[in-house]
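**Student:** Quick one, what's the 3D model for this:
(one chain, ligands or ions: 1)
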Amino acid sequence: MQSQSPSIFEWPYTDIIARFNSGDRSWRETSEPIFWDQLGSVPPACSHGDAFAVGEAWTHSEDGPIHAVFCVVEGRFFCRLVPLVTFDPPAFQSQIRKQFHLDDSDPVFTCAECRQEKSQDVIVLHDGKITCEDCFIECLNKGASYKA
Ligand SMILES: [Zn+2]
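**Tutor:** Next up, the predicted model:
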């Protein structure tokens, strides 16, 4: 694993090759100019939606040709080396969302009462506590006042 995040403005290949060779299947963030440079340098091997595989294979393996894949998520640019047979943009996007915490669902918060992580709408009690809906109702039943 990388101990530091490399600059997105660096040429990414040294890094993604090192990751691939060490069995690290994580995505690396890169910059928009590199994305367009790689999209335009040779016709892509395949492209779909916001992802494409660079036209020339980087190497060949028992899984077939390995290509650099670039993918856009939330206006950010990512790449890694991928066996071409596993080219799957929706899967790539969900891997990237998970790795870079780009999940666009409701932000998670920790309920001040039950200490569980919840993604429901937050409700602020009068003393500034943020609780989940269940605990909020419980507090109301115990006579707490609130402002939403
Ligand atoms: Zn709670």
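**Student:** Give me the contact list for stretch 83-99.
**Tutor:** 26-27, 45-46, 48-51, 53, 57, 61, 63-67, 69, 71, 73, 78, 82, 102-104 (C-beta atoms under 8 Å, 6 or more residues apart in numbering). C-beta: built from backbone N, CA, C; applies to glycine.
**Student:** what's the burial count for residue 36?
**Tutor:** 12 (other C-beta atoms under 10 Å).
**Student:** So for residue 4, what pLDDT did the model give?
**Tutor:** Residue 4 is assigned 56 on the pLDDT scale.
**Student:** ugh, wrong one, residue 105
**Tutor:** pLDDT at residue 105 comes out at 63.
**Student:** Drop the exposed ones from the contacts of stretch 83-99 and show what's left.
**Tutor:** The neighbour count (16 or more other C-beta atoms under 10 Å) marks 27, 45, 50-51, 53, 57, 65-67, 69, 71, 73, 78, 82 as buried among the contacts of stretch 83-99.
**Student:** Next step: the contacts of stretch 83-99 restricted to strands.
**Tutor:** Assignment to strands by DSSP state E places the following of those there: 46, 48, 51, 53, 61, 64-67, 69, 71, 73, 78, 82.
**Student:** Closest one to residue 32 out of those residues, please.
**Tutor:** residue 78 (11.4 Å; C-beta to C-beta).
**Student:** Check which residues of the helix or strand harbouring residue 95 are buried.
**Tutor:** In this assignment (DSSP states H and E), residue 95 forms part of helix 89-99. For helix 89-99, burial by neighbour count (16+ other C-beta under 10 Å) applies to 89, 92-93, 95-96.
**Student:** again, but for stretch 8-26
**Tutor:** In stretch 8-26, counting by 16+ other C-beta under 10 Å, buried: 12-13, 15-17, 19-20.
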